[in-house]
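Q: Coordinates only, no sequence provided:
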């Protein structure tokens, strides 16, 4: 595989945002989400079972909006940083994700992904086997609870987006812009909830939007998880860590069915995204099609990805992720 410098030059032509495509994707994603939301509201008069069924596509439309917010943070969606920041901040109210907080921590994630000395930014907490064995029994128990699927993709996902993202104290005091972003997102959420509650009724608002938010949180955390928690993957210590290897070996090529790939904004082509984050989501497939060698990386299908849930610890000796059952305590 080429070095990251070489890949940067080869992929550079894909990184320029196309204003027409960006505006169309943003407008269509907003229209689809608003339409699904309206249909769910109307369906309350038919039966709540229909409302819950419609929550599935609505949640994926919200995920598409999150991908656009994500691209804005990478300066991949608009040439103007100011426009990207405005759009990203507005979308952050819908996605429950303060834009500038996300933008900074996600940039740190890209700069450190797969680096054992730089864990903790925009990823799933992952211990090495030795670190786990060195923990006291209570600390091991907490880590096992955290990594349980019901917590990671359920309770934990909800707490992360509903509660943690509402607290300015999750970032250092010196991160003033990021703290303001969290506060203004909270203000925007309160204003939007009040407006919609007065328009459709607070009970209807809760019945319609809560299942969308809960499901989209689970989908979002699952995507965060599977982008780097798979086998074979890449973790390395600072002295031997390499950006290109982390991108190509430690970021998944998640080969989803076409409809799901579209619904998740091509984020499954995560190895290409990590090689050059400024490629808009709508050009990732084009980059892959033009460079067949980018298919020669760890690849996951939807079915194969489900087996990755059991992977919880990095075994430095075997250089592989292993389940708790593989560790003798």
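A: Yep, that arrived. All values reported here derive from a predicted model rather than from experimental measurement.

Q: Find the centremost residue of this protein, please.
A: What sits nearest the mean C-alpha location of the chain, by Cα atoms, centre = their mean, is residue 224, with 4.4 Å.

Q: Next, residue 254: secondary structure please.
A: Of the three states, residue 254 takes strand according to DSSP: H, G, I helix; E, B strand; the rest coil.

Q: roughly how far apart are the nearest residue to it once chain neighbours are set aside and residue 19?
A: Leaving aside its sequence neighbours, residue 254 sits nearest to residue 268 (Cβ to Cβ, 6 or more residues apart in numbering; 3.2 Å). The C-beta positions use only the backbone N, C-alpha and C, and glycine is treated the same way. Residue 268 sits 25 Å away from residue 19, going by Cβ to Cβ, to the nearest Å.

Q: For the helix or strand the residue nearest to the centre of the chain falls within, which residues meet the burial criterion?
A: Using DSSP states H and E, residue 224 sits within helix 202-226. Residues of helix 202-226 classed as buried by neighbour count (16 or more other Cβ atoms under 10 Å): 204-205, 207-209, 211-226.

Q: and if you look at stretch 151-171?
A: 152, 153, 156, 157, 158, 160, 161, 165, 168, 170, 171.

Q: so which of those comes closest to residue 324?
A: residue 152 (13.5 Å; Cβ to Cβ).

Q: so how far is residue 309 from the closest one?
A: 8 Å.

Q: which strands and helices sit next to the helix holding residue 224?
A: The criterion is 3 or more Cβ pairs under 8 Å, 6 or more residues apart in numbering; DSSP states H and E, and the helices and strands that helix 202-226 contacts are helix 19-43, helix 48-73, helix 156-158, helix 176-200.

Q: between the ones you listed, which one is nearest to residue 278?
A: Across these, closest to residue 278 is helix 48-73 (Cβ to Cβ), at 8.9 Å.

Q: Give me the residues contacting stretch 214-231.
A: Stretch 214-231 has contacts (Cβ atoms under 8 Å, 6 or more residues apart in numbering) with 55-56, 59-60, 62-63, 66, 95-96, 113-114, 122-124, 126, 152-154, 156-158, 160-162, 250-252, 254, 264, 267, 270, 298, 300, 305, 308, 311, 320-321.

Q: Filter the residues you listed down to the buried ones.
A: Using 16+ other Cβ under 10 Å as the threshold, 55, 59-60, 62-63, 66, 95-96, 113-114, 122-124, 126, 152-153, 156-158, 160-161, 250-252, 254, 264, 267, 270, 298, 300, 305, 308, 311, 321 are the buried ones among the contacts of stretch 214-231.

Q: hang on, the earlier thing: out of the helices and strands packed on helix 202-226, flag the one nearest residue 79.
A: Evaluated over these, closeness to residue 79 peaks at helix 19-43, with 7.4 Å, by Cβ to Cβ.

Q: List the buried residues of that closest one.
A: In helix 19-43, the ones that count as buried by 16+ other Cβ under 10 Å are 22, 25, 26, 29, 30, 32, 33, 36, 37, 40, 41, 43.

Q: got it, and stretch 49-59?
A: Buried residues in stretch 49-59 (16+ other Cβ under 10 Å): 51, 54, 55, 57, 58, 59.

Q: export these to JSON lines and tack on distance to residue 325?
A: Formatted as JSON lines, those follow (distance: Cβ to Cβ, whole Å):
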{"residue": "51", "distance to residue 325": "40"}
{"residue": "54", "distance to residue 325": "40"}
{"residue": "55", "distance to residue 325": "35"}
{"residue": "57", "distance to residue 325": "37"}
{"residue": "58", "distance to residue 325": "38"}
{"residue": "59", "distance to residue 325": "32"}
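
Q: Helix, strand, or coil at residue 321?
A: Recorded secondary structure, residue 321: strand (three-state DSSP).
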